[in-house]
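> Predicted coordinates and the sequence they were generated for:
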Amino acid sequence: MPVAPRPLSSHLGAQFSVAAARAAGHTRGRLEARDLERPFHGVRRRRTPDEPWDAEEPLARDRAHRSRVLRDARAYAQVAPSHAFLAGRSAAVAWGLPCDSGPQLCVGVLAPHRAPRRPGIHGVKVAPHLATVRELEGLRVTSPATTWAMLAGVLDVRELVILGDAIVRIPRDERGTPQPLNRLATIDQLRAAADAPGRRGRPKLLRALERVRVGSMSPLETDFRLATTAAGLPEPDLDVEIRD
């Protein structure tokens, strides 16, 4: 019968650096036990069963995707430099936006710092005037407007419109009351990010911005709006309140 691994120190969280574990008195052998994952070099993570979710339900799929990205980001944070932040596709997923994260965690730094280079990490270096960094659930992440603008190099115009709609939409609470203070960014903030000097993909961003609208509550709504207007139909009103 296999012997259960020795319990880990209570000072170690769900993910931790190898250095922290060694300082807590754990041996190299303990850190190779099967109850631990190795998401990145120098990092260990307690192995937990995956939460069940309905693969046919888009919202559940998106939540599971976001949970995985945030979990990986918190694991990498154990060894990441303090000035690093989530960027690109990874930042978009962290904000709950409709975007595929890709196979690697995208991590940015502001120049003149060097972009990180290690397995599982796609590092990018950004000019300071081209990125605003905010905190999200304890992680450093590019702002929604910066994230949208930085994705001009990997998304087409239609995808940027879908992402832009998701960013500028005004969420509603459980009673259906609009919550304008809770939206991720305004169209003016997207325009400011696109117009920043030296922004790559500016023409593409501005073409997308012409088609971004406030009120689309899902990517399917944006797709429908783009398809109907392309067919010559009038542009639909979005998120209209209808009362009896």
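That came through, no problem.

> got any ranges where this structure has weak pLDDT?
1-3, 50-56, 58 (pLDDT under 70).

> show me what contacts the residue nearest to Thr228 when sequence neighbours are not counted?
Leaving aside its sequence neighbours, Thr228 sits nearest to Pro236 (C-beta to C-beta, 6 or more residues apart in numbering; 6.7 Å). The way it works is simple: take the backbone N, C-alpha and C, and place the C-beta from them, glycine included. Pro236 makes contacts with Phe224, Arg225, Thr228, as judged by C-beta atoms under 8 Å, 6 or more residues apart in numbering.

> quick one, phi/psi of the last one?
Read it as Thr228. With angles defined as degrees, to the nearest 10, Thr228 sits at phi -70, psi -40.

> okay, now Asp237: neighbour count?
Counted by other C-beta atoms under 10 Å, the residues lying close to Asp237 total 8.

> Assign it to helix, strand or coil.
coil (DSSP: H, G, I helix; E, B strand; the rest coil).

> how near is it to Asn182?
Separation of Asp237 from Asn182 (C-beta to C-beta, to the nearest Å) stands at 22 Å.

> try Arg207
28 Å.

> Ok, Ala131 next?
Ala131 is 23 Å from Asn182, where distance means C-beta to C-beta.

> So for the two, which residue has more residues nearby?
Ala131 (23 against 10).

> What residues does the more buried one make contact with?
Applying C-beta under 8 Å, 6+ apart to Ala131 gives the contacts Ala87, Gly108, Leu110, Thr142, Ser143, Thr146, Met150.

> Tell me which stretches of this structure form helices.
Counting by DSSP state H, one finds helices in the chain at the ranges 18-23, 58-76, 88-94, 144-150, 157-168, 187-194, 202-209, 219-230.

> Show me what the fifth one is in contact with.
This means helix 157-168. Residues outside helix 157-168 that contact it (C-beta under 8 Å, 6+ apart) are 92, 95, 97-99, 144-145, 148, 151-152, 155, 183-187, 190, 204-205, 207-209, 211-214, 216, 219, 221-223, 226.

> Could you identify the buried members of those residues?
Among the contacts of helix 157-168, those classed as buried by 16 or more other C-beta atoms under 10 Å are 92, 95, 97-99, 144-145, 148, 151-152, 155, 183-185, 190, 204-205, 208-209, 211-214, 216, 219, 221-222, 226.

> Quick check: which of the helices of the chain is nearest to Pro39?
Nearest to Pro39 among those is helix 58-76; the distance by C-beta to C-beta comes to 4.3 Å.
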